[in-house]
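# Turn this into a model:
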Amino acid sequence: MPYILRKLNNSDIPSVSEIEREAFPSLWPNSAFKSEINNPKIKLLVAAQPSSEDSAEEEASSVSEGPIPQRIIQNFRTFLGRPSTDPSMEDYPVGYVSTWLVFEEAHITAIAVRKAYRGRGVGELLLGGAIEFAMHQKSRVVTLEVRVSNDSAIALYKKYGFKKVGLRKAYYSDNREDADIMTTDPIMSLAYQRRFMELRHAYLKRHGPLGLPRSFARV
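Numbers count the residues shown, from 1 in each chain. Model prediction:
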């Protein structure tokens, strides 16, 4: 089943806290979602599984013709700028991503997916939403840290243009594992935006219209 991407709401906090504990059991204290949710420098997005069929026609209409950079800019005008509303009971949070704006960078602090839903494209949906937020904010690059042993995550990040630029020794407190520092090329460049749009279309073909972030759903 495909997934939707939307803003995190207050009623999601118990669910995302559960996902966080499952994904990062050694993290203490837990993330302060209640205070972060209203911070304009932080974007919290949730990937959710719909329990009922949404209309696919509206999402599919987002695949429009025209110059790629223009379409990207138009697509930014949807959920990223809308006020947050209470989510309906029609979906079930299966993952979340947290992105912090730090000067000219957008730093992804966490991407977490429920174990039962991993390997289904949820992580890629969340990553795409974080990058789109960074583009909307006109950040220069997107950065993150990842365990050096997390081959699947590293492969996904490389797919979206992240490159290893450094190493944080003993970064993870649970086992003192090192973290690779990864960053993109400038995300507002024509080359990167074309690459991002191509990846978005490829994701749509694999996972269906509902797999698109809501930001791509209406232009």
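# and Ala110, which of the three is it?
Of the three states, Ala110 takes strand under DSSP: H, G, I helix; E, B strand; the rest coil.
# For Leu125, give its distance to Glu105.
Computed as Cβ to Cβ, to the nearest Å, the Leu125 to Glu105 distance reads 22 Å. Placement of C-beta: from N, CA and C, glycine included.
# more crowded one of these two?
Neighbour comparison, Leu125 and Glu105: the larger count goes to Leu125, with 24 against 15 (by other Cβ atoms under 10 Å).
# Was I right to think the more buried one contacts Tyr3?
Yes - with contact defined as Cβ atoms under 8 Å, Leu125 counts as touching Tyr3 (5.8 Å).
# Could you pull up phi and psi at Arg114?
Recorded main-chain torsions at Arg114 are phi -60, psi 140, according to degrees, to the nearest 10.
# contacting residues for the closest residue to it other than its chain neighbours?
Computed as Cβ to Cβ, 6 or more residues apart in numbering, the closest residue to Arg114 that is not its neighbour in sequence is Val94, at 5.0 Å. With contacts defined as Cβ atoms under 8 Å, 6 or more residues apart in numbering, Val94 is in contact with 3, 19, 47-49, 113-114, 117, 122.
# 6 Å instead?
Under the criterion of Cβ atoms under 6 Å, 6 or more residues apart in numbering, the neighbours of Val94 are 47, 49, 114, 117, 122.
# Now do the same for the first one: helix, strand or coil?
What that stands for is Ala47. strand.
# Is it in contact with Glu124, as I believe?
No - contact criterion Cβ atoms under 6 Å: Ala47 and Glu124 do not qualify, at 9.7 Å.
# Identify the single longest strand in the protein, thanks.
In the chain, taking DSSP state E as the definition, the longest strand is strand 91-102.
# Which neighbours in the sheet does that strand have, and how are they oriented?
strand 42-50 (antiparallel), strand 105-113 (antiparallel) (DSSP bridges).
# Kindly reformat those strands as CSV containing mean pLDDT.
Shown next, in CSV, are the strands paired with strand 91-102 (pLDDT from 0 to 100):
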stretch, mean pLDDT
strand 42-50, 92
strand 105-113, 96
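# Can you list the residue ranges for strands in this protein?
Remark: strands assigned in the chain by DSSP E are 4-7, 42-50, 91-102, 105-113, 141-147, 163-168, 179-183.
# now the last one: how far from the chain's centre is it?
Between the centre of strand 179-183 and the centre of its chain there are 17 Å (Cα atoms, centre = their mean, to the nearest Å).
# do the longest one as well
Chain-centre distance of strand 91-102: 6 Å, with Cα atoms, centre = their mean.
# ok and it relative to strand 141-147, angle-wise?
110 degrees (axes from the mean of the first three to the mean of the last three Cα atoms, to 10 degrees).
# Many thanks, have a good one.
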